[in-house]
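Enquirer: Pasting a predicted model and its sequence here:
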Amino acid sequence: MPKLLIVDDEIDIREFSKRFFQKRNIDVLTASGGREALKLIEDESPDLVLLDVHMEEINGIEVLKSLRERNDNTNVIMVTGAEEEHIINEATNWGIKGYIHKPLVLEELEKIVLTELL
């Protein structure tokens, strides 16, 4: 069963997305912040991470950089609520598989995640 980690500081987004993908036979883990995400990635080796850009403590770009600097090539899709092209460009340079904008459109989210997992 594919394993997905959803990292977002908004509990509603985490829980809604978790239920959505569990119904599609995907093992789903969640993290509310960057530190928790880094630990889960190390311990659980998810196949794909949905990583929010804007979070307290450690933002998504910093999490992504930390992964790449330790030669962790975990597949990452960035999630952002802002149309900040420089952030998307920076994330792309650090090797993301794609990005999706909030508010989440279920069909778009499902397509991009399932493309990476299956």
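Expert: Received the coordinates, thanks. Residues are numbered from 1 along each chain as shown.
Enquirer: residues touching the residue positioned nearest the centre of the chain, list them.
Expert: Note on the chain: the residue nearest the mean C-alpha position is Leu50, at 1.5 Å, using Cα atoms, centre = their mean. Shown in contact with Leu50 (Cβ atoms under 8 Å, 6 or more residues apart in numbering): 4-8, 17, 77, 79, 100, 113. Any C-beta I mention is one placed from the backbone N, CA and C, and that applies to glycine too.
Enquirer: 7 Å instead, please
Expert: Neighbouring residues of Leu50 by Cβ atoms under 7 Å, 6 or more residues apart in numbering: 4, 6-7, 17, 77, 79.
Enquirer: In the residues you listed, find the pair that's most separated.
Expert: By the measure Cβ to Cβ, Leu4 and Val79 form the most distant pair in these, at 12.4 Å.
Enquirer: Can you tell me how far His101 is from Leu109?
Expert: According to Cβ to Cβ, to the nearest Å, His101 and Leu109 sit 10 Å apart.
Enquirer: Comparing those two, which residue is more hemmed in?
Expert: Leu109 (17 against 14; other Cβ atoms under 10 Å).
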